[in-house]
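Q: Got a sequence here, can you model it:
(one chain, ligands or ions: 1)
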Amino acid sequence: MPVHLAPPLPAYMMTTKNGKTAEAKLVVVGAPGVGKSALIVRFLTKRFIWDYDPTLECTYKHQTTIDDENVALEILDTAGLDDPINKEGHIRWGDGFIVVYSVTDRSSFDEVSSLKQYFDEVKKARNVSCVIIGNKIDLERQRQVTTEEGERLASELACAFFETSACEGGEDILEAFHEVYREVKRRKSIENRRRRSSAQQVRQVFNKMLNRFMDS
Ligand SMILES: Nc1nc2c(ncn2[C@@H]2O[C@H](COP(=O)(O)OP(=O)(O)OP(=O)(O)O)[C@@H](O)[C@H]2O)c(=O)[nH]1
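A: Predicted coordinates for the structure are as follows:
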């Protein structure tokens, strides 16, 4: 009997020491059956459930601490990204992405590059915040994708890389979710710096023009 996922956790609005809200929207994508739901549930509850209904679509709100910072995460568990409108909407919504493949399914690995490329296109960024997970490493005898292949691809795509077993658990699952948050935070701070510096440039030009006008 398939087990239904627990209902999403209640929403929290967290504030950091300086009074600001730290939050990030994460999207978990990958081919059907690679273990996206199992990884999310493992991250949220530290438990593994063998059988799920195939995911329709589910968003979880989760309060946690990452690097001593209180963070409110929203995590979207996607159900295949075949519908182009839905797909684009998910990508626009997300700040960071976890792309999952199964080490026992080469075709799921082959989809990773095109997914990453699509994120970059939709977000109009050279590199969106993204980590790659090769899941189901407990099924070593059925492995079709080596660790080296995963590492190589992740390095080509400039993403952090983790191999996990949602079934057995382990720190790498936690670390993958934390790492994508860190990446989101890094990029946000770069964007903010850029925005501040261009606002400063506009102010300088404006002040120069104003001074010239006043002098004339
Ligand atoms: N052995 C093993 N089985 C796993 C692991 N992760 C998930 N599974 C199993 O793989 C199947 C699919 O897992 P899901 O978490 O539903 O995969 P999904 O990617 O969310 O699937 P869709 O919602 O259909 O896209 C289930 O039977 C899980 O029990 C793992 O790490 N090891």
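
Q: List of residues touching the helix or strand of the chain with the lowest mean pLDDT?
A: The helix or strand of the chain with the lowest confidence, counting by mean pLDDT, DSSP states H and E, is helix 84-93 at a mean of 81. Here helix 84-93 makes contact (C-beta atoms under 8 Å, 6 or more residues apart in numbering) with 25, 27, 29, 76, 78, 81, 97, 118, 119, 122, 123. In short, each C-beta sits where N, CA and C put it, glycine included.

Q: out of these, which touch the ligand?
A: Counting by C-beta under 6 Å from any ligand atom, nothing from those sits close to the ligand.

Q: Enumerate the positions of the least confident helix or strand of the chain that are buried.
A: For helix 84-93, a neighbour-count test (16 or more other C-beta atoms under 10 Å) marks 87, 90, 91 as buried.

Q: do it and the ligand meet?
A: No. Figure legend: helix 84-93 not in contact with the ligand (C-beta under 6 Å from any ligand atom); closest approach 13.1 Å.

Q: Off-centre distance for that helix?
A: 14 Å (C-alpha atoms, centre = their mean, to the nearest Å).

Q: re earlier: can I get the buried residues of helix 84-93 in a markdown table with distance to residue 139?
A: Below are those laid out as a markdown table (distance: C-beta to C-beta, whole Å):
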| residue | distance to residue 139 |
| --- | --- |
| 87 | 28 |
| 90 | 28 |
| 91 | 30 |
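
Q: Now residue 70, what are its backbone angles?
A: Residue 70 adopts backbone torsions of phi -80, psi 130, taken as degrees, to the nearest 10.

Q: What pLDDT does the model give it?
A: At residue 70, the pLDDT value in this model is 92.

Q: Okay, and the beta partners of it?
A: residue 65 (DSSP bridges).

Q: isn't it right up against residue 23?
A: No. If you go by C-beta atoms under 8 Å, residue 70 and residue 23 don't touch, sitting 9.8 Å apart.

Q: Having no further points to raise, I will conclude here.
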